[in-house]
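Chemist: Model the structure of this input:
(one chain, ligands or ions: 2)
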Amino acid sequence: MATTRPSPEQEAEAALTVPLPLVGEAELLEQAADALGRNGWWHGTQMLDSAQVAALIEELDALREADRLHRAGIGRELDFQIDSDIRRDRIVWLNRQRPVQSAFLDQMERLRLALNRRLFLGLFEFEGHFAHYPPGGFYKRHLDSFRGAANRLVSVVVYLNRDWQAGDSGELVLFSEDESETLAVIEPRAGSMALFLSEEIPHEVRPAHKDRSSIAGWFRLNASIDGQIDPPR
Ligand SMILES: O=C(O)CCC(=O)C(=O)O
Ligand SMILES: [Fe+2]
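Modeler: Numbering: from 1, shown residues only. Ligands and ions are numbered 1, 2, ... in the order given. Model (predicted):
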């Protein structure tokens, strides 16, 4: 009997029913929150199952084909600038219009609530984007948020690279706050997830030898400036 490949719609449907194992397993979730509180970072493998990873990869491929990604910059609004000496990825922000993205955002919502419950962080919302680094792409050492900026508190990165090999480079490297120590070197393997404190953990993406795809996101505290809640990105 001929097997037919599921349509993107069928895959999206399937992705909706797949729980993020992290969120389904209270024990793992507690471990993650504890480690984040204690060490400032956590890394888990196989947090998304392969059907969901496949659906997200397909989604990103479609967005790339439709030319929906744009050069990522640094800073916000008036400070915004594109500097290809600092980062060389292309991004597209997630939205709820598409079921695959919406299911992922639901998972991040459950993770947000769990982190709040466990660490009393008062995380208010999640924002995230797909990111694609071409071969040679990197992101030099940086912090995702500056202390006191009161916006991004916890960073999360989920990787979408199947068949990643040890020699492919492109690792996420986490450093201690004073940058004197390397805390972790994380390979961007499909379905794995890194969590770290945005204001405290300097980090970098080493130049990858091949295409490198991910979803990077942040749990934010709601900043209110002059009564304007959550200033636009
Ligand atoms: O892709 C990664 O491993 C990290 C990306 C990152 O640091 C960022 O987008 O701010
Ligand atoms: Fe970052």
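
Chemist: Would you mind listing what in the protein touches ligand 1?
Modeler: 131, 139, 144, 157, 172, 188, 203, 205, 214, 216 (Cβ under 6 Å from any ligand atom). (Each C-beta comes from the backbone N, C-alpha and C, glycine too.)

Chemist: Name whatever forms a beta bridge with the fourth one.
Modeler: This means residue 157. On the basis of DSSP bridges, residue 157 is bridged to residue 194, residue 216.

Chemist: and it, how many residues sit next to it?
Modeler: Neighbours of residue 157 under the rule other Cβ atoms under 10 Å: 21.

Chemist: cool, the last one as well?
Modeler: The local packing of residue 216 (other Cβ under 10 Å) involves 22 other residues.

Chemist: And for the first one?
Modeler: As a burial measure, the neighbour count of residue 131 was computed by other Cβ under 10 Å and equals 24.

Chemist: Contacts only, for it.
Modeler: Neighbour list for residue 131: 72, 89-91, 213-216 [criterion: Cβ atoms under 8 Å, 6 or more residues apart in numbering].

Chemist: Let me know the helix or strand that residue 68 is in.
Modeler: Using DSSP states H and E, residue 68 sits within no helix or strand.

Chemist: What does it show for phi and psi?
Modeler: Main-chain torsions, residue 68, degrees, to the nearest 10: phi -90, psi -10.

Chemist: same question, residue 128
Modeler: Dihedral angles of residue 128 (phi, psi; degrees, to the nearest 10) stand at phi -160, psi 160.

Chemist: Does it touch residue 220 like I think?
Modeler: No. Residue 128 lies out of contact with residue 220 (Cβ atoms under 8 Å); the separation is 10.5 Å.

Chemist: Turn the contacts of residue 131 into CSV, including secondary structure.
Modeler: Formatted as CSV, the contacts of residue 131 follow (DSSP: H, G, I helix; E, B strand; the rest coil):
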residue, secondary structure
72, coil
89, coil
90, strand
91, strand
213, strand
214, strand
215, strand
216, strand
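
Chemist: any chance of these in JSON lines, plus pLDDT?
Modeler: Shown next, in JSON lines, are the contacts of residue 131 (pLDDT from 0 to 100):
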{"residue": "72", "pLDDT": "81"}
{"residue": "89", "pLDDT": "89"}
{"residue": "90", "pLDDT": "93"}
{"residue": "91", "pLDDT": "94"}
{"residue": "213", "pLDDT": "98"}
{"residue": "214", "pLDDT": "98"}
{"residue": "215", "pLDDT": "98"}
{"residue": "216", "pLDDT": "97"}
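
Chemist: Remind me what the lengthiest helix in the chain packs against, helices and strands.
Modeler: In the chain, taking DSSP state H as the definition, the longest helix is helix 99-119. On a contact count with 3 or more Cβ pairs under 8 Å, 6 or more residues apart in numbering; DSSP states H and E, helix 99-119 meets helix 8-16, helix 21-24, helix 26-39, helix 50-65, strand 125-133, strand 152-159, strand 212-220.
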